[in-house]
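Participant: After the sequence you'll find the predicted model.
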Amino acid sequence: MKKRIIALLLVVSLVGVLFAAGQAEASGPTAAKPLVLRYAHMNPASSPNGLQATYFADKIAEKTGGAIKIEVYPASQLGSISEMAEAVSMGSIAMHHNTYGGLQPLLNDLGLFDTPYLYRDVDHLLKATDPETSPALKELNQKLIDTRGVRILYSFYFGTRELTANHAVYSPKDLAGKKIRAIPSPIYLAAVEGMGAVAVPIDWAEVPVALSTGVADGQENPVSTLVTSNIFEVQKFAMMTDHIMGSEPVVINEKVWQALSAEHKKLFTEVARETRDWASNYVQQNEAKDVQTLKDKGMKIITKADGLKVDEFRASVSKVVNDRFGAAWGKYYEMIAAVK
């Protein structure tokens with residue numbers, strides 16, 4: 001019964017979104033009769049990811065004179081990360097951001113952009129995940145549009161993922177038998193298993209409870225997430241493994257996108273670039289401060305200088321990833337390596 005109700009609500013929402021989009025196409029939205037779009041995500045509103053969503057929404061309202069309003073629903077209010085991704089495909093949610101691995105249920109190959117130790121630096125990351133200029137992403141974005149009706153609008157740097165646990169970890173052997181939460185996607189499961197742990201797929205909304213009850217012994221995320229989600233309350237150690245440099249894609253339902261006027265598409269594209277740069281700079285400028293906050297909150301930070309065997313993690317993770325995905329994704333890895 002519950003599933004039927006949810007399905008009915010999704011259909012009603014889809015009809016509403018498409019009707020609004022159709023009205024916008026026919027007569028054009030105005031400040032008096034705005035086009036209202038829902039943007040849902042899993043992060044706290046105060047996180048860098050949440051702030052960039054609000055930034056994008058505010059700029060769209062400003063530049064369209066209130067003709068388009070984007071309502072932001074943070075903190076998994078509208079479902080789990082996989083449910084929100086599917087909802088964009090169905091049209092019941094207009095926009096959403098996620099990790100590339102988190103979008104694998106829509107298109108499995110998108111997970112390659114979250115491959116551990118893939119990028120040279122943040123500049124390389126942003127160029128390799130630019131839907132307008134990256135050869136690899138342009139190809140896969142078109143597949144996403146054609147098969148699932150979802151378009152990647154832009155990507156922003158949201159941090160480099162680090163490992164946390166309630167015991168000190170210096171090498172992969174220290175994780176033997178330990179349960180580490182992973183984003184429920186193949187590339188993240190491979191990354192955690194490559195680090196030497198038992199990967200436990202858990203939706204982000206359930207992570208704090210899982211860590212506090214021992215369902216998981218640790219997790220991995222950028223330092224900004226560790227701060228804004230208070231991971232320091234349930235984890236004692238943070239290991240600076242730097243294993244995944246992350247870019248988060250912001251996606252939009254393709255029917256909604258195509259219903260926008262040429263002028264509004266242009267504005268969305270301009271605001272997308274501006275938001276990408278703002279968010280990426282914000283994260284980079286705050287990373288050192290976030291590490292200090294973790295120290296102030298009592299976390300022990302373990303770095304390469306403290307004996308962390310980053311090279312061992314790199315070799316171990318890279319072997320697992322290559323064994324599982326090298327044959328399928330090799331050509332894309334070459335395309336990304338060639339990005340200057």
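Facilitator: All right, it came through fine.

Participant: C-alpha only now, for contacts and for neighbours.
Facilitator: Fine.

Participant: quick one: low-confidence ranges for the stretch 201-340 of the chain?
Facilitator: Low-confidence segments of the stretch 201-340 of the chain, defined by pLDDT under 70: none present.

Participant: need the helices for it, in chain order.
Facilitator: If DSSP state H, counting those that start in this stretch is used as the criterion, the helices of the stretch 201-340 of the chain fall at 207-213, 223-228, 254-259, 262-296, 310-337.

Participant: what sits against the closest residue to Ser316 other than its chain neighbours?
Facilitator: In space, not counting the residues next to it along the chain, Ser316 is nearest to Gly194; the distance is 5.4 Å by Cα to Cα, 6 or more residues apart in numbering. The contact partners of Gly194, taken as Cα atoms under 8 Å, 6 or more residues apart in numbering, are 313, 316-321.

Participant: tell me the most buried of the helices of the stretch 201-340 of the chain?
Facilitator: Mean neighbour count (mean count of other Cα atoms under 10 Å) peaks for helix 223-228 among these, with a mean of 22.

Participant: Distance from that one to the middle of the chain?
Facilitator: For helix 223-228, the separation from the chain centroid amounts to 14 Å (computed by Cα atoms, centre = their mean, to the nearest Å).

Participant: Name the nearest residue to Ile302, ignoring sequence neighbours.
Facilitator: Met239 (4.8 Å).

Participant: Identify the residues contacting that neighbour.
Facilitator: Met239 sits next to 162-164, 168-170, 301-303, 308 when contact means Cα under 8 Å, 6+ apart.

Participant: Mind doing that once more with 6 Å?
Facilitator: Taking Cα atoms under 6 Å, 6 or more residues apart in numbering as the definition of contact, the neighbours of Met239 are 162-163, 302.

Participant: measure it to Thr160 for me?
Facilitator: The gap separating Met239 from Thr160 is 12 Å, by Cα to Cα, to the nearest Å.

Participant: just to revisit the earlier point, any idea which of the contacts of Met239 has the most stuff around it?
Facilitator: Neighbour counts for the contacts of Met239 peak at Leu163, which has 23 neighbours (criterion: other Cα atoms under 10 Å).

Participant: Quick check, it in contact with Glu220.
Facilitator: Yes: A contact is recorded between Leu163 and Glu220 when judged using Cα atoms under 6 Å, the distance being 4.3 Å.

Participant: Remind me which helix or strand Leu37 belongs to.
Facilitator: Secondary structure assigned from DSSP states H and E places Leu37 in strand 35-40.

Participant: Can you give me the domain boundaries for this protein?
Facilitator: In the domain annotation for the chain, the residue ranges read 2-157+246-286, 161-245+287-337 (automatic domain parsing).

Participant: and Val12, what pLDDT?
Facilitator: We have a pLDDT of 45 for Val12.

Participant: cool, and Ala31?
Facilitator: In the predicted model, Ala31 carries a pLDDT score of 88.

Participant: quick one: secondary structure of the residue positioned nearest the centre of the chain?
Facilitator: With distances taken as Cα atoms, centre = their mean, Thr99 lies nearest the centre of the chain, 2.4 Å away. Using DSSP: H, G, I helix; E, B strand; the rest coil, the structure places Thr99 in coil.

Participant: And it, how close does it get to Leu112?
Facilitator: Here the distance between Thr99 and Leu112 works out to 11 Å (Cα to Cα).

Participant: for this protein, what spans make up the strands?
Facilitator: Along the chain, the segments classed as strands by DSSP state E run 35-40, 68-73, 95-97, 150-165, 179-182, 198-201, 218-221, 237-253, 300-302.

Participant: okay, the ones you listed, which one's buried deepest?
Facilitator: For the strands of the chain, ranked by mean neighbour count under the definition mean count of other Cα under 10 Å, the leader is strand 95-97 at a mean of 28.

Participant: partners of that one in the sheet?
Facilitator: Each strand that strand 95-97 pairs with, and the sense of that pairing, follows from DSSP bridges: strand 35-40 (parallel), strand 237-253 (antiparallel).

Participant: could these go into JSON lines alongside distance to Glu287?
Facilitator: Output for those, formatted as JSON lines (distance: least, Cα to Cα, whole Å):
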{"stretch": "strand 35-40", "distance to Glu287": "25"}
{"stretch": "strand 237-253", "distance to Glu287": "12"}
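
Participant: Pro184: what's it in contact with?
Facilitator: Contact partners of Pro184, counting by Cα under 6 Å, 6+ apart, are Pro201.

Participant: ugh, typo on my part, it should be Thr99
Facilitator: Residues in contact with Thr99, defined by Cα under 6 Å, 6+ apart, are Glu248.

Participant: let's see it at 10 Å
Facilitator: Residues counted as contacts of Thr99 (Cα atoms under 10 Å, 6 or more residues apart in numbering) are 81, 110-111, 113-114, 155, 158, 183, 185, 246-250.

Participant: Export those as a markdown table, with columns for distance to Glu263.
Facilitator: Putting the contacts of Thr99 into a markdown table (distance: Cα to Cα, whole Å) gives the following:
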| residue | distance to Glu263 |
| --- | --- |
| Ile81 | 31 |
| Leu110 | 29 |
| Gly111 | 32 |
| Phe113 | 31 |
| Asp114 | 33 |
| Ser155 | 22 |
| Phe158 | 29 |
| Ile183 | 37 |
| Ser185 | 37 |
| Gly246 | 31 |
| Ser247 | 27 |
| Glu248 | 26 |
| Pro249 | 23 |
| Val250 | 20 |
